[in-house]
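below are the sequence and a predicted model for it; my questions follow.
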Amino acid sequence: MSAIRLIGVAKTFANGHQAVAGIDLEVRSGELLVLVGPSGCGKSTLLRLIAGLDSLTQGAVWIDDREVTHLPPQQRDLAMVFQSYALYPHMTVRENLAFALRVRRARAGEIERRVAEAAAILEIDGLLDRLPRQLSGGQRQRVALGRAIVRHPAAFLLDEPLSNLDASLRVQTRAELARLHRRLGATIIHVTHDQEEALTLGDRIAVLREGRVEQLADPIEVYRRPATRFVAGFLGSPAMNVWNGEVQSAGGQVAFILPGFTLPLTDAPIRGASVSLGVRPEDIELAAPGQGDTNATVDLIEAPGAYLILHLALPGGDALRASVATGHRFAEGDTVGVRFPRDRLHYFDAVTGRRL
Amino acid sequence: MSGRRFAALLGAAVVLGASLFPVLWTLIGSLAPEEALFRSPALLPDRLVLDHYGDVLRERAFLIPIRNSLVVAGATTALCLVIGVAAAYALVRLRFRWKDVILAAILAVSMFPQIAIVSPLFLLLRGLGLINSFPGLVLPYLSFTLPLTVWLLTSFLSQLPWDLEDAAFLDGASRWRAFREIVLPLAMPGVASAGILTFVYCWNEFLFALAFTLGPDRQTVPVAITLFRGRYQIPWGQVLAASVLASLPIVGLVIGFQRRIVRGLTAGAVKG
Amino acid sequence: MFDVRQSPRVRTESRLAWRLLAPALAVILLVTLFPLAWTAWESLHVHDLRMPWRGRPFVGLANYAELLGEVRLWAALGHTTAFTAISVSLEITFGLILALILDRVARARALVRTVVLIPWALPTVVSALLWRFMFEDRIGVVNAVLAALHLPGSATVWLADPIAAWVPIIGADVWKTTPFVALVLLAGLQTIDDAIYEAARVDGATGWERFRYLTLPLLKPVILVALIFRTLDAFRIFDLVYALTGGGPGTATEPVVLYTFDALFQHLRFGYGAASAVLVFGLTLGLAWIYIRMLGIRHRDAAE
């Protein structure tokens, strides 16, 4: 399995749109790296650049100790699973799986063996003689994976492979992908827009925004210590609460000041400046009115099943989302006390969004 | 049955009748004995004969113009498709400068009236010694079929899922191999539509055939029929029989490939 | 750092593209663009093939002067314009009706489409001869039917009357090309979302109102495309008239392309004929340009 390195990779399209703006990235051998971000952030473009389907405007791509920047996709030894699966519609599943091997002139025996092996791993043995149009969405996805596996490539590139599946199938397939990764020990670059997928699947996550990497770290790090306000808001559902305000110190006391209420702090990374303060819904503690840092009114309660999402209104009008276990009893209109654990607060620069 | 649906069916029946009547009348006329044809007023004949077909095929040696039309239409179609597919692939799939200009130019050229180029083509063919020859028709025919074919094929090819070609590249296939095994099979319906339309246009073409052929050995079917001359009047029996024979291959194509033809005719006329 | 246009792979693609395009471009250059330029150049010379000893003297715009002073040319232009206006109006109208019918008749659609394509598929000269046969004065079915129904005109010698001769010509053209118009319009009809008609019905719109306020405006771009194609084709009419009336009686039904063809291949006056051809080309170009401007204006309106 190979390592992939991107050095200063940038791509500007003919119409002037800069899709990728100078990215340095290293994918370690055998790791599953997730590229995640909102639509238009450049993740699919980046994948296509790595595959060689589009050419870079600047930079270099290395696979192990080979520079592949100017090599066509045929010579990069990478396998890709497309969002549309891109199965050859006029060939049977077997022929789809065998195509790449045929192109490389593998012997018939070898082709049969590898096709059978991939089919067994993905449990599509019974479908080998069918045509793609006779398969369900989930089955097509497996065939697409099978086509990649059969080649024993240096690395796998997956372009939103789960996006076209039903919600329930998606969760199931996600787990199977994780198992497949462990079994094959393959280097995988997985592109998705789904933050939950990123957090559950990735050995490391690269959060992309407008063609740049906002943070590259393992899921726990990215979740607990988001490097920017954008990353903090993107990962985690319901999203982190973030407010803009001032950190002031007066007479030895530090506080975060919002219109409506003031939150005394034990310490703060910066003083006398505008700051964005973040706290995750699940970190908010609820108490009886008057017993917390401030009171808030319950505006709306959502009950997705395993937990409750409370939409609260702070004095001064700012909104607050809290998620709590189902056991609690609340009603809309109630006043509750909210407590902010000081060790679970995130501070971001109000202008740059960087973590303080 | 709702009134609206009845009106639609009635309309369809009227349309079918109006479309078919002249054709059927011709068919009957071609099978009518000579004296019935020239009776006035025109009535349905009381018996049907094959005399006219015999005359057309023997006396007029009508098989020769049919052969000529088949050769010219076939050769032109084949050439058009090969040259056209290559050009369309480049226009749809490859990056290069002036792509838009060329596409617009090709579209514009397909609107040129034949009359504007018939005289220099005549002089050119005469200079090359190609008057009254097969190449002498195929070459001018390309002038109106090639731009149309390129434009049609460009329209069809641009609707293919090009992910598949990308997948083939990643699998290691060269551009030529990916084209042969993946792109071409998928493009076949569009290619077939373009081919059928080209064949029909070539078969029916008249002006160039009239201008660039001299005698029955190279005249195509439309020219041969139009130049049927009787001593005193038009030999209607033979003209009608020849018309039926001339139309059979085309009607066969229509019946067999009606869907393909419609795809070709409407491609690009309606933008998604 | 390099410019993407100089990337070796893009340059390879570019080279391949030009190689693939070369045959098509070469053919088009040779048999279309070069001849067109030649015709324009030829129109400025006297080139009479019957009198090769006179050479090919340059005469500037003399051919054009003669052309524009020629009554027969103006008559031909008049014929062509009138024919185009009448035929195309009829074809668009009938085509629209046929398209609406086809849209509704789902089950027999394949049959109707096949049958309706037959007139389109026949060689133009064949349909010309069929219609001529039907309009023959003594043995033609049209006069027979008129007589049987005791309607006036059953003794008309259609092809001998300068006005009446246009009836079979227009009839044959409409008969032959309405299917094409109908199919193009039908394709346009089928891109209209059915849901908006249902919404209109719920809002209380009648069938006619739905047609007028929904169908017609949404079809306008497609109608315009059909109009462009048909107008350009009708303006260039040749085969039909050659085989049906030969331009007669006399030159009463002669369209401008037939006039040009005559000058070239009957009188063998290539220089003069070239001038006439350039005129036809110029008029065609002008018409196309007008339509394309109209289409462009519509696109801008739609985008705003």
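Everything's here; your move. Everything quoted here is computed from the prediction, not taken from an experiment.

quick check: residues of chain B near chain A?
B:161, B:163-164, B:166-174, B:177, B:181-182, B:185-186 (C-beta under 8 Å from any C-beta of the partner chain). (Each C-beta comes from the backbone N, C-alpha and C, glycine too.)

in stretch B:15-23, which residues are buried?
The neighbour-count check on stretch B:15-23 (16 or more other C-beta atoms under 10 Å in any protein chain shown) flags B:15, B:18, B:19, B:22, B:23 as buried.

now the residues you listed in a markdown table, with secondary structure, distance to chain C and pLDDT?
Compiled in a markdown table, the buried residues of stretch B:15-23 are given as follows (DSSP: H, G, I helix; E, B strand; the rest coil; distance: C-beta to the nearest C-beta, whole Å; pLDDT from 0 to 100):
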| residue | secondary structure | distance to chain C | pLDDT |
| --- | --- | --- | --- |
| B:15 | helix | 6 | 85 |
| B:18 | helix | 7 | 88 |
| B:19 | helix | 5 | 88 |
| B:22 | helix | 5 | 90 |
| B:23 | helix | 6 | 89 |
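
touching stretch C:193-209 from outside, list them.
B:4, C:210, C:213, C:214 (C-beta atoms under 8 Å, 6 or more residues apart in numbering or on different chains).

out of the residues you listed, which sit inside helices?
B:4, C:210 (DSSP state H).

any of the contacts of stretch C:193-209 buried? List them.
Of those, these count as buried by 16+ other C-beta under 10 Å: C:210, C:214.

which of the contacts of stretch C:193-209 lies closest to residue A:205?
residue C:214 (49.7 Å; C-beta to C-beta).

quick one: contacts for that closest one?
Residue C:214 makes contact with C:192, C:196, C:197, C:200, C:205, according to C-beta under 8 Å, 6+ apart.

buried subset of those, written for PyMOL?
To isolate the buried ones among the contacts of residue C:214 in PyMOL, judged by 16+ other C-beta under 10 Å, type:
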select buried, chain C and resi 197+200+205
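
of all the contacts of residue C:214, which comes closest to residue C:289?
Using C-beta to C-beta, the contacts of residue C:214 come closest to residue C:289 at residue C:192, 28.9 Å.

where does that closest one land in three-state SS?
coil (DSSP: H, G, I helix; E, B strand; the rest coil).

so which helix or strand takes in the closest residue to it other than its chain neighbours?
The shortest distance from residue C:192 to any non-neighbouring residue, by C-beta to C-beta, 6 or more residues apart in numbering or on different chains, is to residue C:218 (5.3 Å). Assigned by DSSP states H and E, residue C:218 belongs to helix C:216-235.

isn't residue C:13 up against residue B:95?
Yes. At 5.4 Å, residue C:13 counts as touching residue B:95 under the criterion of C-beta atoms under 8 Å.

can I get stretch C:121-131 in CSV? Just the C-alpha atoms.
Presented in CSV, the C-alpha positions along stretch C:121-131 are these (Å, rounded to 0.1, in the frame of the first residue of the first chain):
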residue,chain,number,x,y,z
ALA,C,121,-38.9,10.3,-46.2
LEU,C,122,-40.0,10.2,-49.8
PRO,C,123,-37.7,11.9,-52.3
THR,C,124,-39.0,15.4,-52.9
VAL,C,125,-39.2,14.8,-56.6
VAL,C,126,-41.3,11.7,-56.0
SER,C,127,-43.8,13.5,-53.9
ALA,C,128,-43.8,16.2,-56.6
LEU,C,129,-44.7,13.7,-59.2
LEU,C,130,-47.4,12.1,-57.0
TRP,C,131,-49.1,15.5,-56.5
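
and it, anywhere near chain B?
Yes. With C-beta under 8 Å from any C-beta as the criterion, chain B is reached by stretch C:121-131 at C:121, C:122, C:123, C:124, C:125, C:126, C:127, C:129, C:130, C:131.

tell me the secondary structure for residue A:151?
Assigned with three-state DSSP, residue A:151 falls in the coil class.

residue A:79 versus that one, what's the distance?
5 Å (C-beta to C-beta, to the nearest Å).

the more surrounded of the two?
residue A:79 (26 against 23; other C-beta atoms under 10 Å in any protein chain shown).

contacts only, for the more buried one.
A:100, A:147, A:148, A:149, A:151, A:153, A:155, A:156, A:157, B:170.

between those, which sits nearest residue A:265?
Proximity of the contacts of residue A:79 to residue A:265 was ranked by C-beta to C-beta; the top entry is residue A:157 with 45.3 Å.

is the closest one in contact with residue A:49, as I believe?
No. Applying C-beta under 8 Å, one finds residue A:157 not in contact with residue A:49, separated by 10.4 Å.

more neighbours, these two?
Neighbour totals were compared for residue A:157 and residue A:49, and residue A:157 leads with 27 against 24 (other C-beta under 10 Å).

for the closest residue to that one other than its chain neighbours, helix, strand, or coil?
Among residues not flanking residue A:157 along the chain, residue A:80 sits closest, at 4.3 Å (C-beta to C-beta, 6+ apart). Secondary structure for residue A:80, judged by three-state DSSP, is strand.

the residue of the stretch 251-356 of chain A at minimum distance from chain C: neighbouring residues, count only.
Distances between the stretch 251-356 of chain A and chain C by C-beta to the nearest C-beta are smallest at residue A:352, namely 26.4 Å. As a burial measure, residue A:352 scores 10 neighbours (other C-beta under 10 Å).

understood, closing this out.
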